[in-house]
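Visitor: sequence plus the predicted model coming up.
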Amino acid sequence: LGIQAYDLGLTRKYRWAGDGAIAEATNLPALGRKIDGFVGINRYVPVFESTLNTPFHRRWFQEVLELTRKFEPKGVAPDRYVQSNYEAVNFLKLGIQRAGFRGREDTPKLIEALEGVEVRAGDDFPQGDKKLRREDHQAFIDEFIFRIDAGRHHVIARIPWQQTVRPPACSFA
């Protein structure tokens, strides 16, 4: 999509903005300079700016690079899919510990242990603070508005998770 918009001249004629998935770190090498100027919103961008400039984010980022060097010599910067899966596993670990989960019969205790959980940024949650709402199990996380310049993400603004909360549309609790 990014290359086609550029090749059709749309990015010179119009300001280009949208879902951050268009400009994931893994896509940037293929997009090259054609994605420059794009403004997006994403739950994770691979930079050390704003609330992502922390020791735990730097450690996690470096760990991802090291692991990906096994199949890509330069390593691959993490994207929102890597970040969300990593943090989801850590949410699950937290729930298992809190519930004393031992098997399938403990599933209701696991769900209850996770309902309403708030976590703070740290080694298990390098993207930042977040909450898992009790009523509908919706996760609320910081969002980042960014711009691509010279093939790199630059944070324009951070939207704290508290500002993204809307009333639940359903209830599981």
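Guide: Everything's here; your move. Numbering: from 1, shown residues only.

Visitor: could you use CA atoms for every contact and neighbour count after this?
Guide: OK.

Visitor: do a quick rundown of the helices in the chain.
Guide: Ranges of helices in the chain, per DSSP state H, are 2-7, 10-13, 28-31, 55-68, 80-99, 107-114.

Visitor: OK, contacts around the closest residue to G128 other than its chain neighbours?
Guide: Of all residues not flanking G128 in the chain, A121 sits nearest, at 4.1 Å (CA to CA, 6 or more residues apart in numbering). A121 is in contact with Q127, G128, D129, K130, counting by CA atoms under 8 Å, 6 or more residues apart in numbering.

Visitor: which residues sit in contact with the third one?
Guide: With contacts defined as CA under 8 Å, 6+ apart, D129 is in contact with E118, V119, R120, A121, I141, D142, W161.

Visitor: for this protein, identify the residue most remote from the centre.
Guide: Largest separation from the mean C-alpha position in the chain: E105, at 31.6 Å (CA atoms, centre = their mean).

Visitor: check the spacing between it and F91 real quick.
Guide: E105 is 19 Å from F91, where distance means CA to CA, to the nearest Å.

Visitor: stretch 47-58 spans what distance, first to last residue?
Guide: Stretch 47-58 stretches 9 Å from its first residue to its last (CA to CA).

Visitor: gap between the residue farthest from the centre of the chain and A150?
Guide: Computed as CA to CA, the E105 to A150 distance reads 53 Å.

Visitor: try I96
Guide: Separation of I96 from A150 (CA to CA) stands at 43 Å.

Visitor: between the two, which is the more surrounded one?
Guide: Taking neighbours as other CA atoms under 10 Å, I96 and A150 compare with I96 leading, 20 against 13.

Visitor: and that one, what does it touch?
Guide: Residues in contact with I96, defined by CA under 8 Å, 6+ apart, are L110, A113.

Visitor: at 7 Å what do you get?
Guide: L110 (CA atoms under 7 Å, 6 or more residues apart in numbering).

Visitor: can you offset everything so residue one is 29?
Guide: Sure, I'll start counting at 29 from here, so that last one is I124.

Visitor: pLDDT weak spots in the chain?
Guide: For the chain, no stretch is flagged by pLDDT under 70.

Visitor: recalculate using a threshold of 80.
Guide: Where the chain drops to pLDDT under 80, the residues are 29-30, 201.
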